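1. Turn this into a structure:
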Amino acid sequence: MTSGQTRVVLVGDGRMGTLIREALSADGGFLLLGAYDVDTIGTLATDAPEADLVIDFSNRAALPHVLSYVRRTGAALVSGTTGFDEAEQAQLRALGERGPVIWSANYSLGIAALRRATALVSAALSPWDVEIVETHHNQKADAPSGTAEALRACVDPDGGRPVAYGRQGMVGPRPEREIGMHALRGGTVAGTHEVHFFGEDEEVCLTHRATSRQIFVSGAVAAAKRLLGRAPGFYTFDELMFEG
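-> Here you go, the predicted structure:
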């Protein structure tokens, strides 16, 4: 270990975990103390060495182990795991009382800009119909994606609008203010998100296409650097990247 290196524990050995491991090594500012997967996650909370930072791109089943580790060590946490329910999200937010924590369904700067644009357009075109379509590779486990749900929250921050997760059969006329959510799966698509606004005789479509998972890796590492040294708290990606 050289002076100034950040000690890291990595959770997750999938595609993102592998790319993050490579990015940390190439950066030179990080020292990887250990990596934990489905077979070794049970030892994380009790046996893993104390690190400055935990990066978790794994599965929601690993959350109790990650929570226990952070509570034990006070390490900062960068989480990109998706599929959490409201109770699990609340546990992550509460973990901010122990140390600096960031969770994001998507660490792309372009997606962060898309969320901001979606909120702006939604406010300007509030009476229009909204449909959100996301496309991912055929190995993605959860649907719709966490990013698609984040975009839905930009359209409906209060959570009061009805949501149709796909449609089938004689569904009848589209209910007012309904938000349509659609998940496409196939091939090796890294991620495409579209937010459609339909008005009378016109349509606005906001689109983001990821051609490589490397954009998410770069964003996660950049967020990690900004998170280190922050006071305990639960931070958003926008707060770290756009608000200094």
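2. which one's the longest helix in the chain?
-> helix 109-124 (DSSP state H).
3. Can you spell out which helices and strands pack onto it?
-> Applying 3 or more Cβ pairs under 8 Å, 6 or more residues apart in numbering; DSSP states H and E, we find helix 109-124 packed against helix 146-155, strand 191-199, strand 202-210, helix 214-227, helix 237-242. Using the backbone N, CA and C atoms, a C-beta is placed for each residue, glycine as well.
4. Okay, buried residues for the second one please.
-> Of the residues in strand 191-199, 191-198 count as buried by neighbour count, 16 or more other Cβ atoms under 10 Å.
5. Of the residues you listed, just say which sits nearest to Ser122.
-> Closest approach between the buried residues of strand 191-199 and Ser122, by Cβ to Cβ: Phe197, at 7.4 Å.
6. tell me what the helix or strand bottoming out on mean pLDDT in the chain is packed against?
-> Lowest mean confidence among the helices and strands of the chain (mean pLDDT, DSSP states H and E): helix 237-242, at a mean of 88. On a contact count with 3+ Cβ pairs under 8 Å, 6+ apart, helix 237-242 meets helix 109-124, helix 214-227.
7. List the contacts of the residue lying closest to Ala224 once chain neighbours are set aside.
-> Nearest residue to Ala224 in three dimensions, chain neighbours excluded: Val78, at 4.8 Å (Cβ to Cβ, 6 or more residues apart in numbering). Neighbour list for Val78: 53-56, 102, 220, 223-224, 227 [criterion: Cβ atoms under 8 Å, 6 or more residues apart in numbering].
8. Let's have those residues in CSV, adding pLDDT and distance to Glu134.
-> Compiled in CSV, these are given as follows (pLDDT from 0 to 100; distance: Cβ to Cβ, whole Å):
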residue, pLDDT, distance to Glu134
Leu53, 97, 29
Val54, 97, 27
Ile55, 97, 24
Asp56, 96, 22
Ile102, 97, 22
Ala220, 94, 19
Ala223, 94, 22
Ala224, 95, 25
Leu227, 95, 26
